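[1] sequence and predicted structure below; questions after.
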Amino acid sequence: MRKKLASLFTLLLVITLSMQAQTGVSLLEAGPMLGHVEMQEANLWIQTTKPVPFELRFWKKSGNGSTRYSYSGTTKAGESNTAHIKLSDLDYGTTYQYEFYLDGQKLELPYQTEFTTQQLWQWRRDAPDFTIALGSCLYINDSQYDRPGDPYGQGADILTKISEQNPDLMLWLGDNLYYREPDFYSESRMDYRYKDARNTPQMQELLAQAVNLAIWDDHDYGPNNSDRSYRMKQASLDIFKRYWANPGYGIAGTDGVFTRYKYNDVEFFFMDDRYHRAPDDLEKQDRDFFGPEQLQWLKDGLVNSNATFKLVMVGNQVTNKMNDEESLYAYHKEYNELMSYLDEQDIPGVVFLSGDRHFTELLKTNRGNDYPIYEFTSSPLSSSSYSSIDESEEYDNPQRVDGTLVYKDQNFGMIRVTGKRNHRKLILQTYDSKGKKRWEYTISENDLKD
């Protein structure tokens with residue numbers, strides 16, 4: 001009898017624990033997501049289905065009996081039931097594992113949750129190798145609001161293929177979601193669109209696995225080709241800040257999503273191509289693309305940076321001379337000012353990353369006695385591709401590096417940063433929606449010096 005009672009008790013306990021685990025999961029809307037990580041700080045983000053108290057418990061992965069730490073808070077209704085969590089006083093170069101408790105219930109996830117702080121390598125050893133994933137144009141179908149006809153989104157399974165590459169960083173290069181017409185002038189609808197994209201099941205492991213950082217382009221800022229005249233620009237910025245955990249947003253006196261972030265010996269410059277941008281149709285030669293304050297900030301930052309590689313991320317293409325509409329090149333004054341500045345200041349290691357185009361390519365702009373400027377455009381993740389590019393003049397773009405055009409499939413990029421001191425290199429790669437590598441190209445640090 002006692003054995004039967006014990007077995008029954010065990011069964012009830014298993015059922016109870018299972019229900020508790022399901023309860024914890026049912027309170028989760030999206031995340032947890034890893035934001036920017038420093039040597040002794042890490043930033044996490046989470047969204048719940050309603051305002052709930054939470055506890056984050058974390059510990060060092062190495063060694064048995066590691067000290068357990070905790071962080072408690074509450075997701076807030078006024079912030080879309082999200083929470084930004086900053087963990088400080090961590091050890092550098094250390095991997096921490098963590099778990100969440102939502103309203104007292106442990107959140108059970110089918111993948112491991114951990115993060116690693118940056119190493120203190122300066123003056124001690126060579127910079128660590130690491131990997132970067134990148135992509136743009138993530139369209140999640142929503143039949144009630146999508147245009148009639150064939151779905152524009154091609155599915156989100158590509159996000160699991162990115163996870164399989166185990167990147168240290170994931171760079172979202174704009175159009176990370178697509179506002180629909182009812183969203184354009186409603187803050188609540190804009191927030192809904194973010195939530196609808198963020199809780200995509202295939203995205204969750206990637207959010208937890210890598211440092212996720214983002215810029216925007218027109219479709220996750222406002223309507224198609226939107227600019228500084230957009231009525232909801234401030235609301236759009238507020239929502240962007242709510243859903244991402246970037247290291248910064250603009251500078252004092254100048255709003256936007258632009259910021260900079262150092263990871264090992266690479267510095268990332270996140271640019272805002274919408275908030276201060278003049279309309280594309282404005283008949284004016286000196287019209288703004290970044291705007292004078294942001295452009296000056298970029299110029300100062302590039303001179304100030306001691307990084308081996310300086311990766312400048314822009315939602316639109318930058319250097320494509322056959323793209324004379326949605327590109328920095330089409331805004332000739334700022335384009336010429338930036339390129340002249342790079343020449344005058346002899347700034348080494350600059351590479352541009354961009355999205356938007358619904359095809360992928362690597363561009364190379366020769367500059368006489370100066371090193372060539374490369375631009376890696378990666379697009380789309382799940383939106384329909386620009387499969388008819390072979391019918392346009394751009395199909396034979398002389399700036400394109402041979403063999404790097406991908407235009408009939410969804411795809412993502414990888415950058416592998418590797419090599420010994422003074423011999424660092426970027427290995428650029430593109431993978432298709434099935435996870436197959438389509439091309440690879442290597443740029444060494446000495447290729448980016450005059």
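    Cool, got the structure.
[2] now the host helix or strand of residue 311, how far from the centre of its chain.
    Under the criterion of DSSP states H and E, residue 311 resides in strand 309-314. Offset of strand 309-314 from its chain centre (C-alpha atoms, centre = their mean, to the nearest Å): 13 Å.
[3] OK, contacts around residue 359?
    Listed by C-beta atoms under 8 Å, 6 or more residues apart in numbering, the contact set of residue 359 reads 377, 379, 380, 385, 386, 389, 405, 406, 407. Just so you know, the C-beta spots here come from the backbone N, C-alpha and C atoms, and that holds for glycine as well.
[4] ok, the closest residue to the third one other than its chain neighbours to residue 154 distance?
    I take that to be residue 380. Nearest non-adjacent residue to residue 380, counting by C-beta to C-beta, 6 or more residues apart in numbering: residue 137, 3.4 Å away. Going from residue 137 to residue 154 by C-beta to C-beta, to the nearest Å gives 10 Å.
[5] likewise for residue 172?
    In terms of C-beta to C-beta, residue 172 sits 17 Å off from residue 154.
[6] would you mind listing the outside residues contacting the strand holding residue 311?
    171, 173, 215, 265-271, 273, 298, 302, 318, 328, 347, 349-354, 415, 417, 424, 426, 445, 448.
[7] so what touches stretch 274-282?
    Against stretch 274-282 from outside (C-beta under 8 Å, 6+ apart): 216-218, 221-222, 225-230, 233, 237, 254-257, 284, 287-291, 293-294, 315, 325-326, 330-331.
[8] okay if I get the contacts of residue 359 as TSV plus neighbour count and distance to residue 308?
    Listed next are those as TSV, based on neighbours: other C-beta atoms under 10 Å; distance: C-beta to C-beta, whole Å:
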residue	neighbour count	distance to residue 308
377	32	22
379	31	26
380	29	30
385	21	33
386	17	33
389	18	33
405	22	28
406	21	27
407	19	31
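[9] quick check: the farthest pair among those?
    Greatest spatial distance among those (C-beta to C-beta): 380 and 405, at 13.9 Å.
[10] strand partners (parallel or antiparallel) of the strand or helix carrying residue 428?
    When elements are assigned from DSSP H and E, residue 428 belongs to strand 425-432. Strand pairing for strand 425-432, using DSSP bridges, gives strand 411-418 (antiparallel), strand 437-444 (antiparallel).
[11] what's the angle from it to strand 309-314?
    Here strand 425-432 runs at an angle of 40 degrees relative to strand 309-314 (axes from the mean of the first three to the mean of the last three C-alpha atoms, to 10 degrees).
[12] give me the nearest residue to residue 299, chain neighbours excluded.
    residue 341 (5.3 Å).
[13] report pLDDT for the one you found.
    pLDDT recorded at residue 341 is 98.
[14] checking it next. Helix, strand or coil?
    Of the three states, residue 341 takes helix according to DSSP: H, G, I helix; E, B strand; the rest coil.
[15] could you list the low-pLDDT ranges of the stretch 201-350 of the chain?
    Of all residues in the stretch 201-350 of the chain, none has pLDDT under 70.
[16] let me see the ranges of the strands in it.
    211-215, 259-263, 266-270, 309-314, 350-354 (DSSP state E, counting those that start in this stretch).
[17] put together TSV for the ones you listed, with distance to residue 165 and mean neighbour count on each row.
    TSV is the format used below for these (distance: least, C-beta to C-beta, whole Å; neighbours: other C-beta atoms under 10 Å):
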stretch	distance to residue 165	mean neighbour count
strand 211-215	14	25
strand 259-263	17	20
strand 266-270	17	23
strand 309-314	18	24
strand 350-354	17	24
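[18] can you say which of those strands is nearest to residue 198?
    The nearest among the strands of the stretch 201-350 of the chain, by C-beta to C-beta, is strand 211-215 at 10.5 Å.
[19] list the helices and strands the closest one packs on?
    Applying 3 or more C-beta pairs under 8 Å, 6 or more residues apart in numbering; DSSP states H and E, we find strand 211-215 packed against strand 28-37, strand 169-173, strand 266-270.
[20] starting at the chain centroid, how far to the second one?
    This points to strand 169-173. Computed by C-alpha atoms, centre = their mean, the separation of strand 169-173 from the middle of its chain amounts to 3 Å.
[21] now it against strand 28-37, angle please.
    100 degrees.
[22] show me what strand 169-173 pairs with in its sheet, parallel or antiparallel.
    strand 130-135 (parallel), strand 211-215 (parallel).
[23] export those to TSV and tack on distance to residue 90?
    Putting these into TSV (distance: least, C-beta to C-beta, whole Å) gives the following:
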stretch	distance to residue 90
strand 130-135	18
strand 211-215	14
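[24] who wins for proximity to residue 87 among these?
    Here strand 211-215 is closest among the strands paired with strand 169-173 (C-beta to C-beta), at 13.6 Å.
[25] mind checking how far residue 400 is from residue 251?
    Distance from residue 400 to residue 251, by C-beta to C-beta: 35 Å.
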